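Chemist: kindly return the folded structure for what I paste below:
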Amino acid sequence: MFTGGQIHEYPQGDNTFYLRPMDPFLSINLLGELTKTLSPIAGKASSAVLGEGGKEGKSIFEQELNARSIEGIFTAIAENVDGPKIESLMKKLLNEQYISVKMPGQEPVRLTREAIAELFTGNPQNMLLLALEVIKVNYGGFTRLFGSLSGSVQGLLKREKP
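Modeler: Next comes the predicted model:
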């Protein structure tokens, strides 16, 4: 088992998660799956934001979206993400070899399937937030993850219109 990497503390409610970067080969493998699943969605979102009507100098979160753009984003989600894909990615992201949790009044324990059930039953949005934190620890977050795959957002904003 890989034992390198700095431990990152992530508080969530009354619990504290301890995240360690994944083994580089596991991380690269998972990056491929994340890219295959999420890049079509990111592409539609960036087209929606930076396409017609995109204003230079505004952050992508300040750009205006129209109904057609939003429809494209949801179509990309429907075409590329389903329950089994999300479950598979979550199991790989929330790998107990790299995550521990300290619950109130207890010592830290590995984030096993049983611990996941105890912590997130009826509260899956917090599980998604934890997965996003794992992405930040391993890839620097979505901005750097997708920026490295498709160029910088600033470069896209400065592109010439046909």
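
Chemist: was I right about Thr37 contacting Lys85?
Modeler: Yes. Look at Thr37 against Lys85 with Cβ atoms under 8 Å: they come within range, at 5.8 Å. Using the backbone N, CA and C atoms, a C-beta is placed for each residue, glycine as well.

Chemist: so between these two, which is more surrounded?
Modeler: Using other Cβ atoms under 10 Å as the criterion, Thr37 and Lys85 rank with Thr37 on top: 16 against 13.

Chemist: where does that one land in three-state SS?
Modeler: helix (DSSP: H, G, I helix; E, B strand; the rest coil).

Chemist: and if you look at Tyr10?
Modeler: Secondary structure state of Tyr10, per three-state DSSP, is strand.

Chemist: what sits against it?
Modeler: Thr16, Phe17, Tyr18, Leu19, Leu130, Glu133 (Cβ atoms under 8 Å, 6 or more residues apart in numbering).

Chemist: can you check Leu111 too?
Modeler: Counted by Cβ under 8 Å, 6+ apart, Leu111 has contacts Phe17, Leu94, Glu96, Ile99, Ser100, Val101.

Chemist: among those, name the buried ones.
Modeler: Neighbour counting by 16 or more other Cβ atoms under 10 Å classes Phe17, Leu94, Ile99, Ser100, Val101 among the contacts of Leu111 as buried.

Chemist: coming back round to it: just send the contacts of Tyr10 back as JSON lines, with secondary structure too.
Modeler: Shown next, in JSON lines, are the contacts of Tyr10 (three-state DSSP):
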{"residue": "Thr16", "secondary structure": "strand"}
{"residue": "Phe17", "secondary structure": "strand"}
{"residue": "Tyr18", "secondary structure": "strand"}
{"residue": "Leu19", "secondary structure": "strand"}
{"residue": "Leu130", "secondary structure": "helix"}
{"residue": "Glu133", "secondary structure": "helix"}
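
Chemist: and which of those residues is nearest to Ile116?
Modeler: Leu130 (9.2 Å; Cβ to Cβ).

Chemist: show the pLDDT at the closest one.
Modeler: The score at Leu130 is 97. That number is its pLDDT.

Chemist: relative to Thr16, how far out is it?
Modeler: Using Cβ to Cβ, to the nearest Å, we find Leu130 at a distance of 11 Å from Thr16.

Chemist: higher neighbour count, the two?
Modeler: Taking neighbours as other Cβ under 10 Å, Leu130 and Thr16 compare with Leu130 leading, 24 against 15.
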